[in-house]
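[1] Sharing a model prediction with you, sequence too.
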2 protein chains.
Amino acid sequence: MPDLLSEKFAALADPTRRAMLSRLSKGEANVSELAKPFLKGMSLPAVTKHLKVLERAGLITKTREAQWRPCKLNGDGFKDVAEWMELYRTYWEESLDRLDVYLKTVMAKKKAAAKTTAKGKKDGRKS
Amino acid sequence: MPDLLSEKFAALADPTRRAMLSRLSKGEANVSELAKPFLKGMSLPAVTKHLKVLERAGLITKTREAQWRPCKLNGDGFKDVAEWMELYRTYWEESLDRLDVYLKTVMAKKKAAAKTTAKGKKDGRKS
């Protein structure tokens, strides 16, 4: 049996399941509504299986009582994944900072080059 | 072939691999240093396989040139995972807010109860 955090990461390791979460981030939906965009490429049991993976991982909840049985995102379920990611924030932010520095250098070089060209043209006109 | 984001989430869906990342967050290490804490429970090829999964997912890099071949965290590799998680921030923060409200209510009730008890005791002493 995998630990719950591993189960969550495994649940997120699939584009169909991430698309389902994206749909649910816009509001509750029942199984047939959720299934609709995927039924061209997969069977209803396959869709249901994906939903079960998300539900077992605690990322969505399904209301058992109502006949309509809407699914919804379970914010609590995302917390430990977010907390784990938080431990590595310095690493990805550092790389964003590096990108920022790089972009600034490129822009500064571009600006300097443009200035030189403009000056050259001006000097050219003078002579 | 899974998409890279799925590959990253899949790479994170394992406690051994997360422990390896945690070790690397403290600084570079070579394969044998990284393997050491896991060799009681698994073989060196199994450890190497885990490292390959992390490397293929872009979460670590291995210096190919140096004889020492240290592994290190690849901050860039965490960015798209972090960006994806960011989309769901409102959901997990909302649940943290709810927890906060709940804790405050519990604490307020506890305080009120303690006050009533104290008052009761005081009144008891008076009569």
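    Now that the structure is in, tell me what you want to look at.
[2] hey, let's count contacts and neighbours off CA atoms from now on
    OK.
[3] Touching, A:Leu59 and A:Gly75? I think so.
    Yes. Between A:Leu59 and A:Gly75 there is a contact under Cα atoms under 8 Å: 7.2 Å.
[4] so how far is B:Leu59 from the residue nearest the centre of chain A?
    By Cα atoms, centre = their mean, chain A has its centre lying nearest to A:Arg18, at 8.0 Å. Using Cα to Cα, to the nearest Å, A:Arg18 is found at 20 Å from B:Leu59.
[5] Residues of chain A that sit close to chain B?
    Applying Cα under 8 Å from any Cα of the partner chain, we find that chain A lies next to chain B at A:2-3, A:5-10, A:12-15, A:25, A:73-79, A:82, A:85, A:88, A:91-96.
[6] let's see it at 7 Å
    Counting by Cα under 7 Å from any Cα of the partner chain, chain A comes close to chain B at A:6-7, A:9-10, A:12-15, A:75-76, A:78-79, A:82, A:85, A:91-92, A:95.
[7] Burial check on A:Ala114, number of neighbours?
    Residues lying near A:Ala114 (other Cα atoms under 10 Å in any protein chain shown) number 12.
[8] Hmm, I typed the wrong one, I wanted A:Ala108.
    Counted with other Cα under 10 Å, A:Ala108 comes out at 12.
[9] And it, how far from chain B?
    Distance, A:Ala108 to chain B, by Cα to the nearest Cα, to the nearest Å: 23 Å.
[10] can you tell me which helix or strand that residue belongs to?
    Following DSSP states H and E, one finds A:Ala108 within helix A:89-126.
[11] Need the residues that contact stretch A:10-20.
    Here stretch A:10-20 makes contact (Cα atoms under 7 Å, 6 or more residues apart in numbering or on different chains) with A:34, A:50, A:53-54, A:57, B:6-7, B:9-10, B:13.
[12] does the closest residue to A:Leu39 other than its chain neighbours belong to a helix or a strand, and which?
    Closest residue in space to A:Leu39, ignoring its immediate chain neighbours: A:Val47 at 7.9 Å, by Cα to Cα, 6 or more residues apart in numbering or on different chains. When elements are assigned from DSSP H and E, A:Val47 belongs to helix A:44-56.
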